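Undergrad: what's the 3D shape of this:
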Amino acid sequence: MHRAKYVLLLLLLPACQSSTHVVSTNAFEMSKASIQASDELFVEPKSVEKDRRDFIKRVESVREEDRRRLYEQYLKLIGANGILDGIESVWPKCHTEAHDLGKVIFAYVRDIGSSLRVCVDRCFSGCMHGVLMEAFAGTTNQSPHRHVDLAAVKRVMNHTCYKNTVMTSSYSAGDCAHGVGHALMVLAGYDIPEAIQTCDGFQDRAMAYYCATGAYMEYVTERDAEDAESKSLLYPCDIYGYPAACSRYKLVHVVERHYQANKKMEELVRECEKLAGKFRLGCFHGLGNAHMWLIASGALPIKKVCGDGTDNERYMCIEGAMERMAKFHEKRALTVCEGLEDEDKKTCFTAVKHKMYSIKKDFALYLSE
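TA: Next up is the predicted model:
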């Protein structure tokens, strides 16, 4: 998502909406002014060593709801590079923590191409996802025209992820679709059917699936605590489309609460077994992903998590655990695969090869009805 040449989006609202910014068809073109603006966000580390240390101390204890304000405060002081260095030192993966930084960068630069030039692919694309979220969602501030905006995004998102050289130079198509999904859920006001229906605007169903992963990640991040008080255990992954895309994120929270209550692994499997069809398969996929770090650390063998069930259930669970592990720790992932046999072992090595956001993997089970 950096050096650019082609168009990204025209997120349009009626011209009379003066309170709303519009991302024009030239949003990815690097004007001299926009390049200078993004260059302003680099601050030489040696000149601000004390401020960098102060930032790390503050970011270690900042509340999630105050994170964006902290980034805004330090943006010109230590630069976007200093903030990225700082959050990577506190949270080595920093994907979610970088969302707010991407938003802050775009709000300052007001140009998608140069914003992405600042983010590159740091924090496992988290900064990039934040840029897209702010760029799209920024058109709806104080605006009732949400549906118009979703329609506009739908018209440009295929071009954005497949043909825009700013995007394709640094991110896979699937990763781009995931970022678009985040933005769509925000634009939809966290209305799940509306966001997922817009994801279906991708010509390739694999891309629609990855768009749904971003949409559900955004929804679950914002609404899980509230839903846990009043909805079913696995909501919304037991109701809506692309349940595997949803369960990848929902099960992380479910599993955390499960073990905090001193419950056993086998009880989680039984929860998945209560479901049927694509919802059941999606649950097993989420179960694998939610246990990824425990499997990677050796605290739980992968057979304990993914060793039971049907061939398809084991397949979905193994891919859930291994795709993300391979992205973060490929060598460890390969070692984990050696603990499996036959088709399960083959599934594991294939998942490590594809990692996350691959559009070349087999989506038959993910898209089954």
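
Undergrad: all contacts plus neighbour counts: C-alpha atoms, from now on.
TA: Will do.

Undergrad: domains in this protein, by residue range?
TA: As assigned by automatic domain parsing, the chain contains the domains 1-230, 234-369.

Undergrad: and the longest one, how far from the chain's centre?
TA: Spelled out, that is domain 1-230. Computed by Cα atoms, centre = their mean, to the nearest Å, the separation of domain 1-230 from the middle of its chain amounts to 10 Å.

Undergrad: avg pLDDT for it?
TA: Across domain 1-230, pLDDT averages out at 79.

Undergrad: same deal with the last one?
TA: Across domain 234-369, the average pLDDT comes to 96.

Undergrad: please convert the domains of the chain to CSV, extending it with mean neighbour count.
TA: Formatted as CSV, the domains of the chain follow (neighbours: other Cα atoms under 10 Å):
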stretch, mean neighbour count
domain 1-230, 20
domain 234-369, 19
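
Undergrad: where does the residue most central in space within the chain land in three-state SS?
TA: Central residue of the chain (Cα atoms, centre = their mean): residue 214, 4.8 Å from the mean position. The three-state assignment at residue 214 reads helix, by DSSP: H, G, I helix; E, B strand; the rest coil.

Undergrad: could you shift the numbering so residue one becomes 59, and keep it that way?
TA: Sure thing, new numbering starts at 59, so read that last one as residue 272.

Undergrad: tell me who's in contact with it.
TA: Under the criterion of Cα atoms under 8 Å, 6 or more residues apart in numbering, the neighbours of residue 272 are 235, 236, 237, 238, 239, 240.

Undergrad: which single one of the residues you listed is nearest to residue 266?
TA: Distance to residue 266, by Cα to Cα, is smallest for residue 235 among the contacts of residue 272, at 7.3 Å.

Undergrad: could you tell me the end-to-end distance of stretch 353-368?
TA: Using Cα to Cα, to the nearest Å, the end-to-end distance of stretch 353-368 comes out at 20 Å.

Undergrad: what's the closest non-adjacent residue to residue 129?
TA: Nearest residue to residue 129, sequence neighbours excluded (Cα to Cα, 6 or more residues apart in numbering): residue 159, at 6.4 Å.

Undergrad: same question for residue 158.
TA: residue 126 (5.3 Å).

Undergrad: got the contact list for that neighbour?
TA: 158, 159, 162.

Undergrad: from these, which land in helices?
TA: Of these, the ones assigned to helices by DSSP state H are 158, 159, 162.

Undergrad: quick one: contacts of stretch 417-427?
TA: Here stretch 417-427 makes contact (Cα under 8 Å, 6+ apart) with 231-232, 263-265, 267, 300, 302, 335-336, 339-340, 370, 374, 412.

Undergrad: go with 6 Å
TA: Applying Cα atoms under 6 Å, 6 or more residues apart in numbering, the contact partners of stretch 417-427 are residue 264.

Undergrad: next: stretch 324-340.
TA: 296, 301, 302, 305, 341, 371.

Undergrad: the second one and residue 293 touch, don't they?
TA: It stands for residue 301. No - judged on Cα atoms under 6 Å, residue 301 makes no contact with residue 293 at a distance of 9.9 Å.

Undergrad: for residue 149, which non-adjacent residue is closest in space?
TA: Residue 149 sits nearest to residue 155 (Cα to Cα, 6+ apart), 7.9 Å away.

Undergrad: repeat for residue 396
TA: residue 403 (6.9 Å).

Undergrad: so that neighbour: helix, strand or coil?
TA: helix.

Undergrad: distance of it relative to residue 176?
TA: 40 Å.

Undergrad: try residue 319
TA: 42 Å.

Undergrad: same check on residue 322?
TA: 44 Å.

Undergrad: same deal with residue 259?
TA: Residue 259 is 29 Å from residue 176, by Cα to Cα.

Undergrad: residue ranges for the strands of the stretch 109-258 of the chain, please.
TA: Assigned by DSSP state E, counting those that start in this stretch, the strands in the stretch 109-258 of the chain number zero.

Undergrad: what about the helices in it?
TA: 125-148, 157-167, 170-177, 184-195, 204-220, 223-226, 231-245, 250-257 (DSSP state H, counting those that start in this stretch).
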